[in-house]
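Novice: Sequence plus predicted model, see below.
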Amino acid sequence: EASEAQESPEALERLNLDALSSEAQVLSHELLAQRLLVALCTELPEVAKALFGHCDAVTLAARSWSFSGDEPSINRYTTSGCFAAHKDGYSLTVNVLLSDPDTFTGGGTAFWPQLETTNEGSENGRHLLLKPSRGMGVLFNGNVRHAGMPVQSGIRYLYVASFDLESLHEE
């Protein structure tokens with residue numbers, strides 16, 4: 001079950017791709033359907049089968065995409081911008097850093113172990129902090145507790161898409 005995420009509204013702006021150019025929307029679809037699903041089926045076929053029943057990227061891409069809230073989106077984090085610890089509750093989430101890491105300090109995405117029950121309401125527990133390179137995608141299960149850590153200076157742009165794939169008909 002997805003928990004309510006709380007962010008710093010002044011320092012985090014979420015730009016839904018529907019409000020951006022058609023080019024941005026096409027790039028998002030290509031990223032998800034032609035790159036992510038192909039990579040998932042090629043590199044992690046067991047995961048694709050467990051989540052979606054099989055791992056044919058073309059068939060999966062033709063399914064109905066169900067996204068979280070206003071996603072896919074571009075998150076724009078400024079100084080003190082963060083996204084509180086939460087679980088997305090979808091099959092998969094992908095984050096792609098769009099900024100050059102030299103243009104901001106702080107930030108990154110923190111992850112907590114799935115089986116850890118201590119400090120459930122706290123961001124101070126044991127966690128892994130990922131700070132990927134520009135253009136690198138981080139893919140994870142929607143049941144993993146994670147948070148966007150505070151940006152200390154500069155601006156951090158992050159592409160975010162949490163989604164399920166629903167079968168349209170008998171495959």
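Specialist: That came in fine, so what should we check first?

Novice: use CA for all of it now, contacts and neighbours both
Specialist: Fine.

Novice: Which stretches in this structure count as strands?
Specialist: Along the chain, counting by DSSP state E, strands occupy 12-16, 64-67, 73-77, 83-86, 92-97, 104-106, 109-111, 128-130, 137-141, 146-148, 151-154, 156-166.

Novice: How far off centre is the second one?
Specialist: The chain centroid and the centroid of strand 64-67 are separated by 14 Å, computed with Cα atoms, centre = their mean, to the nearest Å.

Novice: which regions of this protein lie under the pLDDT threshold?
Specialist: 1-9, 115-125, 169-171 (pLDDT under 70).

Novice: got the contact list for residue 135?
Specialist: By Cα atoms under 8 Å, 6 or more residues apart in numbering, residue 135 lies in contact with 96, 97, 98.

Novice: Look up how far residue 133 lies from the second one.
Specialist: Okay, so that is residue 97. Residue 97 is 7 Å from residue 133, where distance means Cα to Cα, to the nearest Å.

Novice: the more surrounded of the two?
Specialist: Taking neighbours as other Cα atoms under 10 Å, residue 97 and residue 133 compare with residue 97 leading, 22 against 14.

Novice: The more buried one reaches residue 148, doesn't it?
Specialist: No. Contact criterion Cα atoms under 8 Å: residue 97 and residue 148 do not qualify, at 11.8 Å.

Novice: Find the residues that touch each one of the two.
Specialist: In contact with both residue 97 and residue 148: no residue, using Cα under 8 Å, 6+ apart.
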